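>>> Kindly return the folded structure for what I paste below:
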Amino acid sequence: MMIPVCRLADLPRGEAFRLDIDPPVSVFHTDDGEVFAIDDTCTHQDASLADGWLEGCEVECPLHASKFDLRTGAVDAPPAKLPVRTHEVVVEDGMIHVQVSTDAPNLPPCIASRLAGGPA
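As a prediction, the model looks like this:
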């Protein structure tokens with residue numbers, strides 16, 4: 001199912017939009033005009049990547065500076081070790097839509113534990 005996000009014109013280049021689903025997804029509009037969607041939560045600790053710094057096709061986590069490739073989800077700087085999921089993006093009639101991946105997300109331990117019923 002494609003989820004409507006926002007109008008492309010409402011997401012300036014160099015900015016991100018956080019889609020509040022479970023788990024959250026961030027949609028990034030790069031300075032080059034490309035649009036990507038990845039899981040919003042850093043895989044190291046509970047931090048929103050939409051609040052991070054976008055440079056080219058990478059976003060830097062605002063908490064501990066791990067960087068994630070928007071094209072592949074790969075992490076290239078510790079302390080994060082696991083990639084984030086990427087999601088298909090379709091821009092149709094000026095509207096951004098995201099097809100959320102069916103792969104399991106790589107959630108940070110504090111969130112994974114909480115979802116599994118462990119201590120928060």
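
>>> Which strand or helix spans residue 105?
Per DSSP states H and E, residue 105 falls between elements, in no helix or strand.

>>> how much space between residue 54 and residue 91?
From residue 54 across to residue 91, the span is 18 Å (Cβ to Cβ, to the nearest Å). (C-beta placed from N, C-alpha, C; glycine too.)

>>> Would you map the strands across this structure?
Using DSSP state E, the strands of the chain run over residues 2-7, 15-19, 25-29, 35-39, 53-55, 58-60, 67-69, 86-92, 95-99.

>>> Ok, which of these comes nearest residue 110?
With Cβ to Cβ as the measure, strand 35-39 is the member of the strands of the chain nearest residue 110 (14.9 Å).

>>> Average pLDDT for that closest one, rounded please.
Mean pLDDT, strand 35-39: 98.

>>> ok, that strand: who's next to it in the sheet?
Strand 35-39 has the following strand partners under DSSP bridges: strand 25-29 (antiparallel), strand 86-92 (antiparallel).

>>> closest one to residue 109 among these?
Each of the strands paired with strand 35-39 has some distance to residue 109 by Cβ to Cβ; the shortest is strand 25-29, at 20.3 Å.

>>> before we move on, the earlier item: what's the most buried one of the strands of the chain?
For the strands of the chain, the largest average neighbour count (mean count of other Cβ atoms under 10 Å) is found in strand 25-29, namely a mean of 25.

>>> export that one as PDB, just CAs?
Below are the C-alpha coordinates for strand 25-29, written out as PDB (Å, rounded to 0.1, in the frame of the first residue of the first chain):
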ATOM      1  CA  VAL A  25       9.700   6.800   8.400                       C
ATOM      2  CA  SER A  26      11.600   9.900   7.200                       C
ATOM      3  CA  VAL A  27      11.300  11.300   3.700                       C
ATOM      4  CA  PHE A  28      14.300  13.400   2.500                       C
ATOM      5  CA  HIS A  29      14.400  15.800  -0.400                       C
END
